[in-house]
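S.K.: 3D, please:
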Amino acid sequence: MKIELDDSLMDKIGVDEKEALELFAIALYKFKGIHGSMAGKLLGISEFDFHTLLSEKGATVNYDVDDLIDDIKNNDL
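M.R.: Alright, predicted model coming up:
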């Protein structure tokens, strides 16, 4: 899938392509319930780095017991 945004829109909202993709991944994480690991893969970074990005953007990290169990099963810890 490819999403294209007009340059004038990008200028108007004051973000570059990288930041727009980061905000898209954060929105999917916050509002559609994708896991941090999935959001990280979308951005080409680790889940830990995605959680760091969330913190830098002022967003909360949603990490519960199910996430921990998934990480243990997938050897992500």
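S.K.: Residue 19: which element?
M.R.: Using DSSP states H and E, residue 19 sits within helix 17-31.
S.K.: can you pull the buried residues of the helix or strand following that helix?
M.R.: Using DSSP H and E, the helix or strand that follows helix 17-31 in sequence is helix 36-43. Residues of helix 36-43 classed as buried by neighbour count (16 or more other C-beta atoms under 10 Å): 36-37, 39-40, 42-43. Placement of C-beta: from N, CA and C, glycine included.
S.K.: what's whichever helix or strand comes after helix 36-43 packed up against?
M.R.: The helix or strand immediately downstream of helix 36-43 is helix 47-56, counting by DSSP H and E. If you count contacts as 3 or more C-beta pairs under 8 Å, 6 or more residues apart in numbering; DSSP states H and E, helix 47-56 packs onto helix 17-31, helix 36-43.
S.K.: Nearest to residue 64 among those would be which one?
M.R.: Closest to residue 64 of these, according to C-beta to C-beta: helix 36-43, at 11.2 Å.
S.K.: So which elements touch the closest one?
M.R.: helix 17-31, helix 47-56, helix 65-73.
S.K.: what's the distance between residue 6 and residue 35?
M.R.: 31 Å (C-beta to C-beta, to the nearest Å).
S.K.: between these two, who's got more neighbours?
M.R.: Per other C-beta atoms under 10 Å, whichever of residue 6 and residue 35 has more neighbours is residue 35, with 17 against 8.
S.K.: excluding its backbone neighbours, what's nearest the more buried one?
M.R.: residue 67 (6.6 Å; C-beta to C-beta, 6 or more residues apart in numbering).
S.K.: What distance do you get for that neighbour to residue 40?
M.R.: 13 Å.
S.K.: picking up where we left off before, format the helices and strands packed on helix 47-56 as CSV; extra columns: distance to residue 62.
M.R.: Converted to CSV, the helices and strands packed on helix 47-56 look like this (distance: least, C-beta to C-beta, whole Å):
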stretch, distance to residue 62
helix 17-31, 8
helix 36-43, 8
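S.K.: quick one: which of these is nearest residue 72?
M.R.: Proximity to residue 72 (C-beta to C-beta) singles out helix 36-43 among the helices and strands packed on helix 47-56, at 12.6 Å.
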